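In: Sequence plus predicted model, see below.
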Amino acid sequence: MVGVEGMGYAISINFANSIIEQLITKGYVVRPWLGVALHSVNQWLALRYDLATDKGAFITNVASDSPADEAGLAPGDVIVGINDTEISTAEDLIQAIHSSQIDQVVKITFWRSDNKNITYATLAESPPP
C-alpha cells in the first residue's frame, strides 16, 4: 500500500463560499466558457488527421453562438496557446479557461491545416449543465 500519511488539501474559505453561493442561487457552479468539445492531440491523432502539430487541444465541436463560434474557431482546429500559456493537452486548455474570468478577452493561438493563426474570444458564463 502506498502511503500518503500526513498529506492534506485545503482551499480558501472565500473560494468555498463562492461555490456554495453559486450552488444555492443557480444550482450549479458558474465558470468561464469557450464553447468547444476537445480531445488532446497525440501522435495517433496527428497522423490520422494530418495535423501540423503533435500537441494541443483538438476541437471536435463548436457550440453555436458560443465565444469560440464568434471567434471563428472550427472543428479540426488545434489550440496551442491561450494568452501567454502554452496548451499541450485538452486538460491544459480547460484549466486555462477555468483560471480566467467571465467576460475576459483571451488571445487564442491555433493551427488550421498548415497555418498558425491567432484569434480573440470573450469568455462567457457557462450554460447550465
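Out: All right, it came through fine.
In: From now on I want contacts and neighbour counts done on CA atoms only, so please keep to that.
Out: OK.
In: Go ahead and flag the most central residue of the chain.
Out: Note on the chain: the residue nearest the mean C-alpha position is I94, at 2.9 Å, using CA atoms, centre = their mean.
In: mean confidence score for the strand or helix carrying it?
Out: Secondary structure assigned from DSSP states H and E places I94 in helix 90-98. Taken as a whole, helix 90-98 has an average pLDDT of 96.
In: Low-confidence bits of this structure, can you list those?
Out: In the predicted model, the chain carries pLDDT under 70 at residues 1-8.
In: how about the strands of it, start to end?
Out: In order along the chain, the chain carries the following strands (DSSP state E): 32-33, 36-40, 57-62, 78-82, 85-86, 105-112, 115-122, 124-125.
In: Centre of the chain to the first one, how far?
Out: Using CA atoms, centre = their mean, to the nearest Å, the distance from the centre of strand 32-33 to the centre of the chain it belongs to is 8 Å.
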